[in-house]
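A.B. asks: Here's my sequence, what's the structure:
(one chain, ligands or ions: 1)
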Amino acid sequence: MGSHHDILVIGGGMAGLSAAQALAATGRSVTVLDKGRGPGGRMATRRVESQGETLRFDHGAQYFTARDPAFRAVVAAWERDGIAASWPAAGEEAWVGTPGMNACVKAMAEALDVRWGVRAERLTRSAGLWQVIAAGQVFTASTLIVAVPAEQAAVLLADIAPPFAALAAGVASAPCWAVMASFAERLPLADTFRSDTAPVSWAARNSAKPGRGGPETWVIHASPARSRKLIDLPKDEVARTILADFFAAAGTASILPMHLDAHRWLYAQPEARKDGEGAHFDAALGLGVAGDWLQSPRIEGAWLSGRALAALVD
Ligand SMILES: Cc1cc2nc3c(=O)[nH]c(=O)nc-3n(C[C@H](O)[C@H](O)[C@H](O)COP(=O)(O)OP(=O)(O)OC[C@H]3O[C@@H](n4cnc5c(N)ncnc54)[C@H](O)[C@@H]3O)c2cc1C
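C.D. replies: The predicted model follows:
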C-alpha cells in the first residue's frame, strides 16, 4: 500500500503542527504522520477511569509562556476560542490548554490531515522523492519535514542526512518521571510546588488548573537527577518512591492515593541550545528539521521552530 504527498511531516507535536499549519496557510498540501494514538506529543493529557470516575492528568508539559509577539497573538486567539487560559498559580505569564493541556494541539490537528498511530520506521530517497516506511505502508513525498525529539531525529536521519543527524545527535534531553495521583481528600498544600534541590522539581494540583475540577488530582515531576537514578525501575515502584519524595519535600504527612501511576519521558526537555537557530531546511533535498531542540526547550520554542521551518520551504 502506498500514497504520494506534496509535503509530509513526521511528528504531530507543537513543532510539526505549527510547521504544517503555516505551510497549509500558503496553499501547500501537507500530511502529518504521528505514532501517538491522539494529539499531544509532550503536551499530553492522560485520561483514566478509576473507581467509577474519569480522571485527567497533564503528565507532560505543565504550562507555557508566550513572549514572542506572533505566539502571543496565537495564544490570544486560543483564549478567545476557549482552548487556553492563564494559570496565575504557576506564574504571571503561565498559560494552559483547556480543558486539558493537549487542547491547543488538538485544535490545530483537527484543521489538518493528520494520520495518528503511524510510526515512521525508516526514511529512504529515490528518483528525487522521499519514502517513509511506516507500519507496512510507504508514503512518498517531494518535501519531508522531521519534527520529533532530537534523539529520535538522530536515528531517523542517520542514513539519509548525516549533517542533520549529527546536529540532532549533539543535543541531549533530560528524562522526567511523571507521577499521576488522585486522593479522596484535599492535600493541605498550595496548588504548585517547585524546587531546584529536592528530588521532586515540580508538583501541581491538576484539578485546580482552569477548566478542570473533579477529584483531587496531582502531577509530580522528579528532577532530572532523580529521574536518571530511577530510570529503569518498574513504574509502580517509581510512583511510590516519588510520591514519598514529594510528601517529604513538601513537609507534609503521607496520604494514601486512590489512583497512582507513573509515566517515563525519556526525552522530556532538551538541553537549551545557545544559538536558537530555529530550524534547518536543505532546499536541494527538500528535507527539513524542526523541534524545540532547535529553538528553546519549551512549547513556545517548538511553535517558533515550526514557523521558522515553514518560512524556509519554497
Ligand atoms: C515532563 C515534561 C515537562 C515539561 N514542562 C514544560 C513546561 O512547563 N513548559 C513548556 O513550555 N514546556 C515544557 N515541556 C516541553 C514541551 O512539552 C516541549 O518543548 C514541546 O511540547 C515540544 O514539542 P515538539 O513538537 O518539538 O515535540 P513533541 O511534543 O515531542 O512532538 C513530537 C511528536 O512526534 C511523534 N513521533 C516521534 N517519533 C515518531 C516517529 N518515528 N514516527 C511518527 N511520529 C513520531 C511523537 O508521537 C510526538 O507527537 C515539558 C515536557 C515534558 C515531557
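
A.B. asks: Buried residues, stretch 265-273. List them.
C.D. replies: 265, 267-270, 273 (16 or more other C-beta atoms under 10 Å). All C-beta atoms are positioned from the backbone trio N, CA, C, and that covers glycine.

A.B. asks: now check it, is it near the ligand?
C.D. replies: Yes: using C-beta under 6 Å from any ligand atom, stretch 265-273 reaches the ligand at 265, 268-269.

A.B. asks: again, but for stretch 302-311
C.D. replies: Yes: under the criterion of C-beta under 6 Å from any ligand atom, the ligand is reached by stretch 302-311 at residue 302.

A.B. asks: from the chain's centre, how far out does that stretch sit?
C.D. replies: With C-alpha atoms, centre = their mean, to the nearest Å as the basis, stretch 302-311 stands 15 Å off its chain's centre.

A.B. asks: and that stretch, average pLDDT?
C.D. replies: Per-residue pLDDT over stretch 302-311 has a mean of 98.

A.B. asks: For that stretch, buried residues please.
C.D. replies: Across stretch 302-311, burial judged by 16+ other C-beta under 10 Å covers 302-310.

A.B. asks: backbone phi and psi for the most centrally placed residue in the chain, please?
C.D. replies: Per C-alpha atoms, centre = their mean, the C-alpha nearest to the average position across the chain is that of residue 42, at 1.8 Å. Note on residue 42: its backbone torsions stand at phi -80, psi 0 [degrees, to the nearest 10].

A.B. asks: That one contacts residue 58, correct?
C.D. replies: No: in this structure, residue 42 is not within contact of residue 58 by C-beta atoms under 8 Å, at 10.5 Å.

A.B. asks: And the buried residues of stretch 302-311, which is closest to the ligand?
C.D. replies: For the buried residues of stretch 302-311, the minimum distance to the ligand (C-beta to the nearest ligand atom) is 3.4 Å, reached by residue 302.

A.B. asks: Is that closest one in contact with residue 292, as I believe?
C.D. replies: Yes: using C-beta under 8 Å, residue 302 is in contact with residue 292, at 4.2 Å.

A.B. asks: what's the overlap in contacts for the two?
C.D. replies: Contact criterion C-beta atoms under 8 Å, 6 or more residues apart in numbering; residues shared by residue 302 and residue 292: 14-15.

A.B. asks: The buried residues of stretch 302-311 in helices, which ones?
C.D. replies: Using DSSP state H, the subset of the buried residues of stretch 302-311 located in helices is 302-310.

A.B. asks: For the residue nearest to the centre of the chain, give its distance to residue 71.
C.D. replies: Distance of residue 42 to residue 71, given as C-beta to C-beta, to the nearest Å: 17 Å.

A.B. asks: now residue 224
C.D. replies: 26 Å.

A.B. asks: Mind checking which of the two has more residues around it?
C.D. replies: residue 71 (19 against 16; other C-beta atoms under 10 Å).

A.B. asks: Where does the nearest residue to residue 214 once chain neighbours are set aside sit: helix, strand or coil?
C.D. replies: Among residues not flanking residue 214 along the chain, residue 207 sits closest, at 5.6 Å (C-beta to C-beta, 6 or more residues apart in numbering). Here residue 207 is recorded as helix under DSSP: H, G, I helix; E, B strand; the rest coil.

A.B. asks: Would you agree residue 207 is in contact with residue 213?
C.D. replies: Yes: assessed by C-beta under 8 Å, residue 207 is found in contact with residue 213 at 6.1 Å.

A.B. asks: Name the residues of the stretch 151-300 of the chain found near the ligand, please.
C.D. replies: So the stretch 151-300 of the chain meets the ligand at 152, 176, 178, 221, 265, 268-269, 291-292, 297-299 (C-beta under 6 Å from any ligand atom).

A.B. asks: Take these and keep only those in helices.
C.D. replies: 152, 299.

A.B. asks: can you tell me which of the residues of the stretch 151-300 of the chain next to the ligand lies nearest to residue 107?
C.D. replies: residue 299 (14.2 Å; C-beta to C-beta).

A.B. asks: Hmm, residue 58 and that closest one touching each other?
C.D. replies: No: using C-beta under 8 Å, residue 299 is not in contact with residue 58, being 11.8 Å away.

A.B. asks: At which residues are the helices of the stretch 1-150 of the chain located?
C.D. replies: Using DSSP state H, counting those that start in this stretch, the helices of the stretch 1-150 of the chain run over 14-25, 69-80, 103-110, 150-157.

A.B. asks: now those helices as TSV including mean pLDDT?
C.D. replies: Shown next, in TSV, are the helices of the stretch 1-150 of the chain (pLDDT from 0 to 100):
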stretch	mean pLDDT
helix 14-25	98
helix 69-80	98
helix 103-110	98
helix 150-157	97
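
A.B. asks: most tightly surrounded among these?
C.D. replies: helix 14-25 (a mean of 25; mean count of other C-beta atoms under 10 Å).
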